[in-house]
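Asker: Please work out how this folds:
(chains A and B)
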Amino acid sequence: MAENNSNQIQHETTIFAEPIFHIGNFTITNALLNTWLAVIILVIFLIAASKKIRKIPRGVQNVFEFLLESALNFADSITGSRKKSVKLLPICLTLFLFILVNNYLGLMPFVGSIGFVESTHGGSFFIPMFRGGTADLNTTLALALISFVAIHISGALTVGVWNYFNRFINIKAFLEIPNKFSKNKNVALVNPIKSFVSIIEIVGEAAKVASLSLRLFGNIFAGEILLVSMMSIFAFFVPIPFMFLEIIVGLVQALVFSILVLVFMSMATSAEEH
Amino acid sequence: MEGQTVSAAINLTMIAKALAIGVGSIAPALAIGKIGTKAMESIGRNPEAAGKILAPMLLSAAFAEAVAIYVLVVAFTIS
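Answerer: Numbers count the residues shown, from 1 in each chain, chains lettered A, B, ... in the order given. A predicted model of the protein is given here:
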């Protein structure tokens, strides 16, 4: 970036989160602090909400039961059966709540403004203590990888490891050639092709991880930059519609991430039909 | 050698960034418009199904928008 005399403090928006301190070799960045804050908020809120559960609900418990019921109904329309929804919904709802709280924490007043000044040889830079958790590619990539592992484990547990492995590298088709050759001569040509077509699915899996993480990261990070640009034009009334946009975008992106994970999981756990 | 003289005359980085996001957001914008059009048509034909149409429409719009977000990330990483 441009050199500056060390009297002026520079504010820079970087793609990478700035490190705050180190524990041994492990760097604690400001986005990491924000995700811890989100976890603390979620844990306190949900423990407080589940303190007294009565048979006939009253007050706050009503709201949560309503939310859970509508989430289960929505998941039913994707998976098709209530039993499967109850099995698959915990991960997706956890992802939704975590991403939602992280997105909204990035809009809070103290995020991005409280910090300290660090002087390096390029000049002095202002480093904020907190920064939107999902505005860091590390967080979204970690979430996408966790979902990837969860999808494959749930698929392998439901259908059986051999069957699930054969969806990607179809060895079963190869082994069946001698059996079915007497009935149908086509098998010798078609089955090897079936084996190799499934390998393309592996590329699709990598694309899923990349698209999940980049979609969330790009939306939230671009929103932050948009807000900063709007506030630097005129700080008082201009950012209001953009704040509304960011609230909507935060909700929609959390929803899209968790719905996609739900869809992939239900596709992986459904029996294969040809 | 040629690259240095060219970048001394024109700032290629800025042109690359602007071109990336400019060209790359044409197709997603058209796609989201088409999705919205079809959704509006089907709601107009069957107003009771508006609630059922909303969720798949939002999902498809998020997919189409993701392509524009990939372009945006590329534009950010061009140094």
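Asker: rest of the way, CA atoms for contacts and neighbours
Answerer: Fine.
Asker: Just want the most central residue of chain A.
Answerer: A:Leu143 (4.5 Å; CA atoms, centre = their mean).
Asker: and that residue, helix, strand or coil?
Answerer: Assigned state for A:Leu143: helix (three-state reduction, DSSP: H, G, I helix; E, B strand; the rest coil).
Asker: tell me the pLDDT at the nearest residue to it once chain neighbours are set aside?
Answerer: In space, and not counting its chain neighbours, A:Leu143 is closest to A:Ser213: 7.4 Å by CA to CA, 6 or more residues apart in numbering or on different chains. A:Ser213 carries a pLDDT value of 92.
Asker: Quick one: residues contacting A:Ser213.
Answerer: Applying CA atoms under 8 Å, 6 or more residues apart in numbering or on different chains to A:Ser213 gives the contacts A:137, A:140-141, A:143-144.
Asker: from these, which single one is nearest chain B?
Answerer: Nearest to chain B, judged by CA to the nearest CA, of those is A:Leu137 at 10.6 Å.
Asker: Near the closest one, how many residues? Count them for me, please.
Answerer: Counted with other CA atoms under 10 Å in any protein chain shown, the neighbours of A:Leu137 add up to 20.
Asker: Kindly report the same for A:Leu157.
Answerer: Neighbours of A:Leu157 using other CA under 10 Å come to 11.
Asker: so it is in which element?
Answerer: helix A:137-159 (DSSP states H and E).
Asker: what's the answer for A:Met265, then?
Answerer: Using DSSP H and E, the element containing A:Met265 is helix A:239-269.
Asker: That helix near chain B at all?
Answerer: Yes. Judged by CA under 8 Å from any CA of the partner chain, helix A:239-269 and chain B are in contact via A:253, A:256.
Asker: From the chain's centroid, how far away is that helix?
Answerer: 9 Å (CA atoms, centre = their mean, to the nearest Å).
Asker: that older thread, can you give the contact residues for the helix holding A:Leu157?
Answerer: For helix A:137-159, using CA under 8 Å, 6+ apart, the contacting residues are A:16, A:133-134, A:163-165, A:209-210, A:212-214, A:216-217, A:261, A:264-265, A:268-271.
Asker: Give the buried subset of those as a ChimeraX selection command.
Answerer: Buried members of the contacts of helix A:137-159, defined by 16 or more other CA atoms under 10 Å in any protein chain shown, are picked up in ChimeraX with:
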select /A:133,134,163,164,165,209,210,212,213,214,216,217,261,264,265,268,269
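Asker: tell me which element A:Glu118 falls in.
Answerer: Residue-wise, A:Glu118 maps onto strand A:115-120 under DSSP H and E.
Asker: list the helices and strands that strand packs on?
Answerer: The helices and strands touching strand A:115-120, judged by 3 or more CA pairs under 8 Å, 6 or more residues apart in numbering or on different chains; DSSP states H and E, are strand A:123-128.
Asker: quick one: strands adjacent to the strand it packs on?
Answerer: strand A:9-10 (parallel), strand A:115-120 (antiparallel) (DSSP bridges).
Asker: ok so, going back, got a list of contacts for the strand holding A:Glu118?
Answerer: A:9, A:124-130.
Asker: Redo the residues you listed as CSV? Include pLDDT and neighbour count.
Answerer: Below are those laid out as CSV (pLDDT from 0 to 100; neighbours: other CA atoms under 10 Å in any protein chain shown):
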residue, pLDDT, neighbour count
A:Ile9, 72, 15
A:Ser124, 77, 18
A:Phe125, 78, 17
A:Phe126, 81, 17
A:Ile127, 82, 23
A:Pro128, 84, 21
A:Met129, 83, 20
A:Phe130, 86, 25
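Asker: most packed of the strands paired with strand A:123-128?
Answerer: strand A:9-10 (a mean of 16; mean count of other CA atoms under 10 Å in any protein chain shown).
Asker: How far off centre is that strand?
Answerer: The answer for strand A:9-10 is 33 Å, by CA atoms, centre = their mean.
Asker: following that strand, which helix or strand comes up?
Answerer: That would be, after strand A:9-10 and using DSSP H and E, strand A:19-23.
Asker: Residues touching stretch B:32-46, excluding its own?
Answerer: B:49-50, B:53-54, B:57, B:60-61, B:64-65.
Asker: meant to ask about stretch A:83-92, not that
Answerer: A:72, A:75-76, A:79, A:258-259, A:261-262, A:265-266.
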